[in-house]
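[1] Fold the following and give me the result.
(chains A, B, C and D)
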Protein chains: 2
Amino acid sequence: MTTKPKRAELREACISEAFRIVEESGVENLSLREVARRLGISHQAPYRHFASRDHILAEIIALSFDEFSVYLNSRPLNQSVHDDLRHMGLHYLNYAKHHPLKYRLMFNTPMPDPVKHINMMNKAQHAFSILSERLEHTPLRPLALSIESSSNLEALFVWSMLHGLASILQSDVLPSLKLTTLEKKHMIAHCFARLSQALQP
Amino acid sequence: MTTKPKRAELREACISEAFRIVEESGVENLSLREVARRLGISHQAPYRHFASRDHILAEIIALSFDEFSVYLNSRPLNQSVHDDLRHMGLHYLNYAKHHPLKYRLMFNTPMPDPVKHINMMNKAQHAFSILSERLEHTPLRPLALSIESSSNLEALFVWSMLHGLASILQSDVLPSLKLTTLEKKHMIAHCFARLSQALQP
DNA sequence: TTTAGTTTGTTGACACTGTCAACAATTTGT
DNA sequence: ACAAATTGTTGACAGTGTCAACAAACTAAA
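    Alright, predicted model coming up:
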């Protein structure tokens, strides 16, 4: 439990305590009352700073997107652009692996009404733009003329693969799929190889 | 509300009522008490048939996987194997699009302990096997020798892309990504084109 | 500085949830 | 037909989000 905060700092204290709760035990165990309890304040105090549970949720989702963006950008510099894209993908998967509860918070949680939480959506958009901009400067295998292309579309494709893979890797279903240990070990490498085949000229 | 069921049919009635609730308003609004209310029985009656909420959840997840498997198999027959794979993918996305709440139930919901709900896991495994078996009889572009391959691995790759795409398409984040209407319109076609490039010999 | 007004925190309530325990009705097996 | 087991009901408890009424504390003007 965190030390009892002074006035005016309560809002920030609530957010970081809520963030901590999600890190520790997942969004389904986040309750405003638990936040209040940990901060040693009354169960209604947080309501002076957040209109509803959704509003504090939006804050910590935004925080997570920030953290995620920083993590994506913290990848080592790579010589070739395709190597860099690859490392970005691996970084993506690493974040999901090491912060599964926060990853689920961002991507697997029914979100509060986006229109009411524009800041949150902007942070999400920013994380996406990292991927999109990386692809903007990556020469790709040409597609048939009938197929529309743009760095956003390529980013959506790569993101789909990464998000799907990250989800499956941490899914409860995976252990029941009767995969050999060899298959389990090579999942990521295989998917990245196929991704290269799709993208590399 | 369904008609009050006779004895011994209560278990089945609970399951289908719960299934209906999820279809209508999503898993987060599923409560045993609401099920009981709709069936006109006491709030505790369902507990004679399900040890906990998780147990009825496991039942309707299993049901959803069944429905999903049937849907995947209901695709029209296609001449070429790659065409068939493509249609399978489109069918996958169609299911997610037309049954978003059930799709989320299967793939985006923290599952009850898999070990305690083996039937549910078997149904999930069966849905996966449909994809895996399709890939088993589809000639694919060869990979580098250092890269492991198997129909399961190929299925995981395709599934990753499909699941990622399906999730993103129904995500609340999508509208905030500043995509042009043209990009939105071509998302699916683009991803499938890239998928073909990855897989087609 | 004192006072009035606004912001923030507290207490208590309500409706909702899952689940336990005790009891009643009903069905089943002999 | 009666004993036993199964199934259904009622009532309770702890947990949740949130509203309303009230109290304390900070802020701004006199």
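
[2] drop to CA atoms for contacts and neighbour counts, all remaining ones
    Fine.

[3] And the pLDDT at A:Pro201?
    We have a pLDDT of 89 for A:Pro201.

[4] Burial check on A:Tyr92, number of neighbours?
    Residues contacting A:Tyr92 under the criterion other CA atoms under 10 Å in any protein chain shown number 22.

[5] where's it relative to A:Gln200, distance?
    Distance of A:Tyr92 to A:Gln200, computed by CA to CA, to the nearest Å: 19 Å.

[6] try A:Ser146
    A:Ser146 is 19 Å from A:Gln200, where distance means CA to CA.

[7] In chain A, which residue sits nearest DNA strand D?
    A:Ser31 (3.0 Å; CA to the nearest atom of the strand).

[8] Which residue, neighbours along the chain excluded, lies closest to that residue?
    Leaving aside its chain neighbours, A:Ser31 sits nearest to A:Arg53 (7.5 Å; criterion: CA to CA, 6 or more residues apart in numbering or on different chains).

[9] If I follow the layout properly, the one you found ends up in contact with A:Glu34?
    No. If you go by CA atoms under 8 Å, A:Arg53 and A:Glu34 don't touch, sitting 11.7 Å apart.

[10] domain assignment for chain A?
    Residue ranges for the domains of chain A, per automatic domain parsing: A:1-50, A:58-199.

[11] In CSV, list these along with distance to B:His163.
    Formatted as CSV, the domains of chain A follow (distance: least, CA to CA, whole Å):
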stretch, distance to B:His163
domain A:1-50, 22
domain A:58-199, 5
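
[12] what's the most buried one of these?
    Mean neighbour count (mean count of other CA atoms under 10 Å in any protein chain shown) peaks for domain A:58-199 among those, with a mean of 18.

[13] anything in that domain near DNA strand D?
    No. Domain A:58-199 is not in contact with DNA strand D by CA under 7 Å from any atom of the strand; minimum separation 10.4 Å.

[14] start to end distance for that domain?
    Per CA to CA, domain A:58-199 runs 35 Å from first to last residue.

[15] Grab the longest helix from chain A for me.
    helix A:53-73 (DSSP state H).

[16] Check whether that one comes near DNA strand C.
    No. Helix A:53-73 lies apart from DNA strand C when judged by CA under 7 Å from any atom of the strand; the minimum separation is 13.9 Å.

[17] name the helices or strands packed onto that helix?
    On a contact count with 3 or more CA pairs under 8 Å, 6 or more residues apart in numbering or on different chains; DSSP states H and E, helix A:53-73 meets helix A:10-25, helix A:81-98, helix A:100-107, helix A:118-136.

[18] so which of the ones you listed gets nearest B:Ser25?
    helix A:100-107 (19.7 Å; CA to CA).

[19] what's in contact with that closest one?
    With CA atoms under 8 Å, 6 or more residues apart in numbering or on different chains as the contact definition, helix A:100-107 has outside contacts at A:22-27, A:61, A:64-65, A:95-96, A:170, B:171.

[20] CA-only coordinates of stretch A:21-35 in CSV, if you can.
    The C-alpha trace of stretch A:21-35 is given here as CSV (Å, rounded to 0.1, in the frame of the first residue of the first chain):
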residue,chain,number,x,y,z
ILE,A,21,-3.2,-3.3,-9.6
VAL,A,22,-3.6,-4.2,-13.3
GLU,A,23,0.0,-5.1,-13.5
GLU,A,24,-0.3,-7.4,-10.6
SER,A,25,-3.6,-9.0,-11.1
GLY,A,26,-5.2,-7.9,-14.3
VAL,A,27,-7.9,-5.5,-15.3
GLU,A,28,-10.8,-7.8,-14.1
ASN,A,29,-9.5,-7.3,-10.5
LEU,A,30,-9.3,-3.6,-10.8
SER,A,31,-11.9,-1.9,-8.6
LEU,A,32,-12.1,1.7,-7.5
ARG,A,33,-12.8,0.5,-4.0
GLU,A,34,-9.5,-1.5,-4.0
VAL,A,35,-7.7,1.6,-5.2
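
[21] From B:Val173, how far out is the spatially most central residue of chain A?
    What sits nearest the mean C-alpha location of chain A, by CA atoms, centre = their mean, is A:Tyr103, with 4.4 Å. Applying CA to CA, the value for A:Tyr103 to B:Val173 is 14 Å.

[22] same check, this time on A:Arg134
    Distance of A:Arg134 to B:Val173, given as CA to CA: 20 Å.

[23] do A:Lys116 as well
    Distance of A:Lys116 to B:Val173, given as CA to CA: 13 Å.

[24] and what of A:Leu145?
    Going from A:Leu145 to B:Val173 by CA to CA gives 29 Å.

[25] swap in A:Lys102?
    Plainly put, A:Lys102 is 16 Å away from B:Val173 if you go by CA to CA.

[26] in what helix or strand does the residue lying farthest from the centre of chain A lie?
    Residue farthest from the centre of chain A, counting by CA atoms, centre = their mean, is A:Leu145 at 33.4 Å. A:Leu145 belongs to no helix or strand when assigned by DSSP states H and E.

[27] pLDDT score for it?
    On the pLDDT scale, A:Leu145 gets 92.

[28] what do you get for A:Pro5?
    Taking A:Pro5 on its own, its pLDDT is 52.

[29] do A:Leu93 as well
    Note on A:Leu93: pLDDT of 98.

[30] just A:His117 next, same as before
    A:His117 is given a pLDDT of 94.

[31] any idea how far B:Leu179 is from it?
    When A:His117 is compared with B:Leu179 (using CA to CA), they lie 19 Å apart.

[32] I'd assumed A:Leu85 was in contact with A:Leu77.
    No. Assessed by CA under 8 Å, A:Leu77 is found out of contact with A:Leu85, at 10.4 Å.

[33] Out of the domains of chain A, name the one with the poorest average pLDDT.
    Note on the domains of chain A: lowest mean pLDDT is at domain A:1-50, with a mean of 89.

[34] Figure out how far it is from the centre of its chain.
    Remark: domain A:1-50 is offset 22 Å from the chain centroid, using CA atoms, centre = their mean, to the nearest Å.

[35] Could I get the CA-only coordinates of stretch A:115-135 as CSV?
    The C-alpha trace of stretch A:115-135 is given here as CSV (Å, rounded to 0.1, in the frame of the first residue of the first chain):
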residue,chain,number,x,y,z
VAL,A,115,-15.4,9.3,-28.1
LYS,A,116,-15.3,10.2,-24.4
HIS,A,117,-11.6,9.3,-24.0
ILE,A,118,-9.8,10.9,-26.9
ASN,A,119,-6.5,11.0,-25.1
MET,A,120,-6.5,7.3,-24.8
MET,A,121,-7.2,6.9,-28.5
ASN,A,122,-4.4,9.3,-29.4
LYS,A,123,-1.9,7.2,-27.5
ALA,A,124,-3.1,4.1,-29.3
GLN,A,125,-2.9,5.9,-32.6
HIS,A,126,0.7,6.9,-31.7
ALA,A,127,1.7,3.3,-31.1
PHE,A,128,0.3,2.4,-34.4
SER,A,129,2.1,5.2,-36.2
ILE,A,130,5.4,3.8,-35.0
LEU,A,131,4.8,0.7,-37.0
SER,A,132,3.3,2.5,-39.9
GLU,A,133,6.2,4.9,-40.2
ARG,A,134,8.7,2.1,-40.0
LEU,A,135,6.9,0.5,-43.0
